[in-house]
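[1] Let me see the structure of the following:
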Amino acid sequence: MYIHLVPKVSSYLLVLWYTLNIPNCRAQSFVNNGTLFSTEGAVVFVPEILINSPTATLTNNGRIVLKKDLVNDGIFTFSGKRGTVSFRGEGLQRISGDVPISLYNAILENTTPGISIALDGAMEVFGEFSFLEGILKVHPSLGLLSFEADARSSEAHNISHVEGWVAKKGDQNFIFPIGDQGYYAGAGIEVGSTDNRGFEAIYYHENSALTYPHEQKETAILFIDDREYWTLQKMNDSDETILSLFWSSDTSSPNVLNADKDNLQIVRWDTRLDKWVNEGGVVDPLQNKVTTPTVLSGYGVFALAIVASAEETVDLKIYNAISTDDDGKNDFFFIDGINAYPNNTVQVYNRDGIKVFETTDYDSHGNVFRGYSESSLTVNASNLLPSGTYYYVLTFEETTDTTKSVTRKKTGYLYLNTNQ
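    As a prediction, the model looks like this:
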């Protein structure tokens, strides 16, 4: 069924329960100057440029399929948890305007090779953004794609993702659907349970050494990936997160791909120290992922790196399983050889990045981790922690000669069985 809407109508109301097509009526654009409402279950095809003027309100609870540009200077929104906008052009589609576009769900399915959507304005997603086909390019100064609280992205890959800055708000774990030069390279955050947190991320498929010299680094960092890097910024001073980065045969350096994966860590360019520092990392080889064991100590530029293994340089053996059944086996977190390195710190974190244990000069006077929390931030502070996977961070000083010492960091999983 076709319904003809005359362009530049001052005010109208559409209640849509079936599939509609809006032809351009011998014009190059359809201009909404009044009120347009699409009900749940409706499908509206817009074959020409859609302009939502400053006096207009467009509420989409159905599905709008855009074949060309969208200019929004009015209110473009939805009500309830309903409404989908599909970007299904066969050429470059430009999204612009002075007012943010609020979408519940969005689908990118533009078949144009390379950049298919140019986002020159602000777009807010409150539900799900599905990346099926096409690359969305965010203008570096005019555009921003923001995933609001509870929003998520899905199916991002090399053929469909975002190039440019992407923001995420809220307390959900999230993988940024970001890429560069036709390659997808997501970055994941785990933000705990604070509703008002916010982060922005961008990915670069290029050598970070051109701006952040790789020779300026901590001694234990052996190699920094010279083919890709990420930038992560927090939107509020109090925001904290754990970070995950992924390696890929499409984008990562051969040195990273061929390295002992236990030696992969996440490093950060420290602007105050003017060098790369190690943020640590726990490796998940099944997902090609490295995750910092704790919340980040700073924000900015990040990359994957190969770091000297503590076991390669010192006589240490870490037993990463604890069982609190008092049978004399694995009763505490045992680090064989740690007494030879008294300048050490041991920290244990739960999966939310909350520190549950910390001590210095580990195992020197009974100060070992037995599965009990010492954090006031956990529900059962000073009580036995629940069974599960935790992260440990071991930092210690190794003397390489009579005049020089090197700080080493070892991170990994810690498995706790408390029957709790």
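
[2] What's the separation between W276 and D98?
    41 Å (CB to CB, to the nearest Å). Every C-beta, even on glycine, is put in place using the N, C-alpha and C of the backbone.

[3] these two touch, right, L316 and I335?
    Yes. Counting by CB atoms under 8 Å, I335 is a contact partner of L316 at 6.4 Å.

[4] Of these two, which one has the most company?
    Shown here are L316 and I335; by other CB atoms under 10 Å, I335 has more neighbours (24 against 20).

[5] check contacts around the more buried one.
    316-319, 346, 362-363, 394 (CB atoms under 8 Å, 6 or more residues apart in numbering).

[6] Among those, find the lowest-pLDDT one for me.
    Lowest pLDDT among the contacts of I335: L316, with 84.

[7] pLDDT weak spots in the stretch 101-250 of the chain?
    Within the stretch 101-250 of the chain, the stretches with pLDDT under 70 are 192-196.

[8] mind running it again at 80?
    Low-confidence segments of the stretch 101-250 of the chain (pLDDT under 80): 191-196, 238.

[9] Domains in the chain, by residue range?
    Using automatic domain parsing, the domains assigned to the chain come out as 1-164, 194-308, 311-417.

[10] quick one, which of those domains is nearest to G182?
    Closest approach to G182 among those is made by domain 1-164 (6.3 Å; CB to CB).

[11] related to what we said a few turns ago, please identify which of W276 and D98 sits among more neighbours.
    W276 (25 against 11).

[12] May I see the buried residues of the strand or helix carrying that one?
    Using DSSP states H and E, W276 sits within strand 275-280. For strand 275-280, a neighbour-count test (16 or more other CB atoms under 10 Å) marks 275-280 as buried.

[13] list the helices and strands it packs on?
    strand 221-224, strand 264-270, strand 300-307, strand 405-417 (3 or more CB pairs under 8 Å, 6 or more residues apart in numbering; DSSP states H and E).

[14] between those, which one is nearest to T292?
    Nearest of the helices and strands packed on strand 275-280 (CB to CB): strand 264-270, 5.4 Å.

[15] could I get that closest one in PDB with only the CA atoms?
    The C-alpha trace of strand 264-270 is given here as PDB (Å, rounded to 0.1, in the frame of the first residue of the first chain):
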ATOM      1  CA  LEU A 264      50.900 -10.700  26.400                       C
ATOM      2  CA  GLN A 265      49.900  -7.700  28.400                       C
ATOM      3  CA  ILE A 266      48.100  -4.400  28.000                       C
ATOM      4  CA  VAL A 267      50.300  -1.400  28.100                       C
ATOM      5  CA  ARG A 268      49.400   2.300  28.300                       C
ATOM      6  CA  TRP A 269      51.200   5.500  27.300                       C
ATOM      7  CA  ASP A 270      51.700   7.500  30.500                       C
END
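
[16] what does the average pLDDT come to for that strand?
    Rounded mean pLDDT across strand 264-270 is 96.

[17] Okay, angle between it and strand 275-280 too, please.
    Angular relation of strand 264-270 and strand 275-280 on a 0 to 180 degree scale: 140 degrees, by axes from the mean of the first three to the mean of the last three CA atoms, to 10 degrees.

[18] For strand 264-270, what is the distance to the chain centroid?
    With CA atoms, centre = their mean, to the nearest Å as the basis, strand 264-270 stands 16 Å off its chain's centre.

[19] just the angle between that strand and strand 300-307, please?
    140 degrees.

[20] so what's N236 closest to, chain neighbours aside?
    G198 (6.2 Å; CB to CB, 6 or more residues apart in numbering).

[21] now do Q233
    E200 (4.9 Å).

[22] ok, now which ones touch the one you found?
    So E200 contacts 165-168, 232-233, 235 (CB under 8 Å, 6+ apart).

[23] which one among these gets closest to L416?
    Nearest to L416 among these, counting by CB to CB, is L232 at 29.3 Å.

[24] Near the closest one, how many other residues are there?
    20.

[25] go on, G83?
    G83 has 25 nearby residues by other CB under 10 Å.

[26] mind starting the numbering at 282 from now?
    All right, first residue 282 from here; so that's G364.

[27] Go ahead and confirm it touches N342.
    Yes. G364 lies in contact with N342 (CB under 8 Å); the separation is 4.8 Å.

[28] Quick check: neighbours shared by those two?
    By CB under 8 Å, 6+ apart, the residues touching both G364 and N342 are S319.

[29] Which helix or strand contains the residue nearest to Q514?
    Going by DSSP H and E, E481 is part of strand 479-485.

[30] That strand pairs with which strands?
    When pairing is defined by DSSP bridges, strand 479-485 lines up against strand 447-450 (antiparallel), strand 510-515 (antiparallel).

[31] Looking at those, which one is packed in the most?
    The highest average neighbour count among the strands paired with strand 479-485, using mean count of other CB atoms under 10 Å, belongs to strand 447-450 at a mean of 24.

[32] contacts for it?
    So strand 447-450 is contacted by 419, 425-430, 432, 455, 457-459, 470, 477-483, 516 (CB under 8 Å, 6+ apart).

[33] Could you tell me which of the residues you listed belong to strands?
    Taking DSSP state E as the definition of strands, these contribute 419, 425-428, 455, 457, 470, 479-483.

[34] what's the farthest-apart pair in the residues you listed?
    It's V419 and I470 that sit farthest apart of the ones in strands among the contacts of strand 447-450, by CB to CB, at 18.2 Å.

[35] Count the neighbours of the nearest residue to A430 once chain neighbours are set aside for me.
    Counting by CB to CB, 6+ apart, G451 is the residue found nearest to A430 once chain neighbours are left out, at 3.2 Å. The tally of other residues near G451 (other CB under 10 Å) stands at 16.

[36] quick one, phi/psi of G451?
    phi 110, psi -170 (degrees, to the nearest 10).

[37] Quickly note the distance from it to R632.
    Distance from G451 to R632, by CB to CB: 18 Å.
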